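> Can you look at this prediction? I've put the sequence above it.
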Amino acid sequence: MSAEPARLLGIETSCDETAAAVVTESGEVLSSVVSSQIDLHARFGGVVPEIASRAHVELLTPVVAEALLQAGMAGPEVAGVAVTVGPGLIGSLLVGVSHAKALALVWGVPFIGVNHLEGHLYAALLEEPDLELPAVVLLVSGGHTLLILMEGHGRYRLLGQTIDDAAGEAFDKVARFLGLGYPGGPAIDSAAMEGDASAIPFPRGLKDQGYDFSFSGLKTSVINYVTKNPEVETVDVAASFQEAVVDVLVTKSRRAARETGARAICLAGGVAANSLLRERTLDACIADGLSAYLPSRSMCTDNAAMIAAAGWWRLRSDGATPLDAGADPNLRLTLI
Ligand code: KG4
Ligand code: ZN
């Protein structure tokens, strides 16, 4: 009988990253392989769903094999297979879900369907298992902008969300307009380092009202400003735009922590890789006596280690997912 700790294989194919990882029950990441399709989609300026699903079909088998190899395993020793079942692109989700079901069936281990958003929440817990709760979690990705009060494992209270564009979507659209390329977040992040963040006073939508967010007015404002002032430096526009987004995100997270009595602010999702957002969140937490949880950048963007981590929690709380469960492109986080 082997004394190896129990391990879960995690699989993530909800958008344009094909990822697999092996995570132990205690949260040790034995491998985390992410194959990005950025080069395939870059010339279209965004993710093309049909290209994404076809690429997942080609990439998933080698990515899973690599994750098992890096974890020093041959496969059947896993305690289960966890996979993202939504939200995301339906064709892409189905590739991962079918693959995970086939592996679980052949290996005779549990199949565990995981909500991608819950995966992002578990990214922070993987690196900070003793995360202090309740925590305000700012989940900012390409498709979502949610302000959540995490009261315990699986206990999420929604405080606010975007009423139009997601924060990452705003970064991607503005970067595309400025000709900075795709994906837009990292491009604006680095362009902004060369620019003056106080150059243009872009609007801060809903900054002082409640916990909901709005970014489409800001995007329109950037387009109008550049159209009227074509000589403006692109780096100044990037820096001023980023300043406006981060100002709103941090102001609301901070207010939410104060008003709910949370002990920490935690970042999650691809936009949580943003340098200014990380810096300002840390400053706010220090000023307010809160703990700050900033997952490493590779854990913020889509990966399968976070899916396996959330999978462990779901396996313990709900048991295996039935094999006839499907994928849901519009899956929501279950809230209290
Ligand atoms: O979580 P994620 O990898 O995929 C989704 O679930 O959507 O997030 C991707 C989003 C994209 O919009 C991307 O532009 C943004 O995260 N992003 C960033 C940065 N890195 C990725 N946004 C701002 N600054 C960054 N450094
Ligand atoms: Zn994501």
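That came in fine, so what should we check first? Residues are numbered from 1 along each chain as shown. Ligands and ions are numbered 1, 2, ... in the order given.
> Double-check that Leu59 belongs to a strand.
No - Leu59 is assigned helix when assessed by DSSP: H, G, I helix; E, B strand; the rest coil, not a strand.
> Looking at strand pairing, list the partners for Ala20.
Ile11, Val33 (DSSP bridges).
> Kindly provide the distance from it to His56.
Noted for Ala20: a distance of 11 Å to His56, by C-beta to C-beta, to the nearest Å. Quick note: C-beta positions are derived from backbone N, CA and C, even for glycine.
> Same question for Asp130.
35 Å.
> Could you do Ser298 as well?
From Ser298 to His56 the distance is 20 Å (C-beta to C-beta).
> just Leu267 next, same as before
With distances taken as C-beta to C-beta, Leu267 is found 27 Å from His56.
> do Ala167 as well
25 Å.
> near ligand 2, which residues of the stretch 1-150 of the chain?
Ser141 (C-beta under 5 Å from the ion).
> can you give me the strands in the stretch 1-150 of the chain?
Assigned by DSSP state E, counting those that start in this stretch, the strands in the stretch 1-150 of the chain fall at 7-12, 17-24, 29-36, 80-86, 111-115, 135-140, 145-152.
> And the helix or strand following the last one, what does it pack against?
When you say that, I think you mean strand 145-152. Sequence order places strand 155-161 as the next helix or strand after strand 145-152, per DSSP states H and E. Packing partners of strand 155-161 (3 or more C-beta pairs under 8 Å, 6 or more residues apart in numbering; DSSP states H and E): strand 145-152, helix 234-260.
> make it 7 Å
Packing partners of strand 155-161 (3 or more C-beta pairs under 7 Å, 6 or more residues apart in numbering; DSSP states H and E): strand 145-152.
> Off-centre distance for the strand it packs on?
Taking C-alpha atoms, centre = their mean, to the nearest Å, one finds strand 145-152 lying 14 Å from the centre of the chain it belongs to.
> Kindly report the same for stretch 268-287.
14 Å.
> Per the annotation, how does the chain divide into domains?
The chain breaks down into these domains under automatic domain parsing: 7-121+300-318, 132-295.
> Quick check: which of those domains is buried the most?
domain 7-121+300-318 (a mean of 22; mean count of other C-beta atoms under 10 Å).
> and that one, how far out from the chain's middle?
Put simply, domain 7-121+300-318 sits 14 Å off its chain's centre (C-alpha atoms, centre = their mean).
> one step back: minimum distance to Leu331: which of the domains of the chain has it?
domain 7-121+300-318 (3.0 Å; C-beta to C-beta).
> The closest residue to Pro186 other than its chain neighbours: what's it in contact with?
Nearest non-adjacent residue to Pro186, counting by C-beta to C-beta, 6 or more residues apart in numbering: Ala273, 7.4 Å away. By C-beta atoms under 7 Å, 6 or more residues apart in numbering, the contact set of Ala273 is 297, 300-301.
> mind listing what Gly168 touches?
Gly168 makes contact with 140-142, 185, 270-271 under the criterion C-beta under 7 Å, 6+ apart.
> hmm, whatever helix or strand Arg314 lives in in reach of ligand 2?
Using DSSP H and E, Arg314 maps to helix 305-318. No - judged by C-beta under 5 Å from the ion, helix 305-318 stays clear of ligand 2, getting no closer than 8.6 Å.
> how about Asn303, secondary structure?
Asn303 ends up coil, using three-state DSSP.
> so what's it up against?
Counting by C-beta under 7 Å, 6+ apart, Asn303 touches 12, 19, 21, 32, 34.
> ok, the helix or strand of the chain with the lowest mean pLDDT near ligand 1 or not?
Across the helices and strands of the chain, the lowest-confidence element by mean pLDDT, DSSP states H and E is helix 38-42, at a mean of 83. No - Helix 38-42 is not in contact with ligand 1 by C-beta under 6 Å from any ligand atom; minimum separation 10.2 Å.
> Which elements pack onto that helix?
The helices and strands touching helix 38-42, judged by 3+ C-beta pairs under 7 Å, 6+ apart, are helix 49-70.
> so for the helix it packs on, what's the average pLDDT?
The average pLDDT within helix 49-70 is 95.
> Now do it against helix 305-318, angle only.
Between helix 49-70 and helix 305-318, the angle formed by their directions is 80 degrees, by axes from the mean of the first three to the mean of the last three C-alpha atoms, to 10 degrees.
> contacting residues around helix 49-70?
By C-beta under 7 Å, 6+ apart, the list of residues contacting helix 49-70 from outside reads 11, 13, 15-16, 18-22, 31, 33, 35, 37, 40-41, 74-75, 89, 91-92, 95-96, 99.
> hang on, the earlier thing: now do the residue nearest to Pro186, the pLDDT please.
On the pLDDT scale, Ala273 is placed at 97.
> Model confidence for Ala3, exactly?
The model's pLDDT for Ala3 equals 63.
> wait, I meant Ile336
Model confidence at Ile336 (pLDDT) stands at 87.
> So it versus ligand 1, what's the distance?
23 Å (C-beta to the nearest ligand atom, to the nearest Å).
> now swap in Val245 and tell me
Val245 is 8 Å from ligand 1, where distance means C-beta to the nearest ligand atom.
> Distance-wise, check that residue relative to Ile188.
Distance, Val245 to Ile188, by C-beta to C-beta: 9 Å.
> Smallest distance to ligand 1 belongs to which residue of the stretch 101-250 of the chain?
The minimum distance from the stretch 101-250 of the chain to ligand 1, using C-beta to the nearest ligand atom, falls at Gly185 (2.0 Å).
> Alright, I will stop here.
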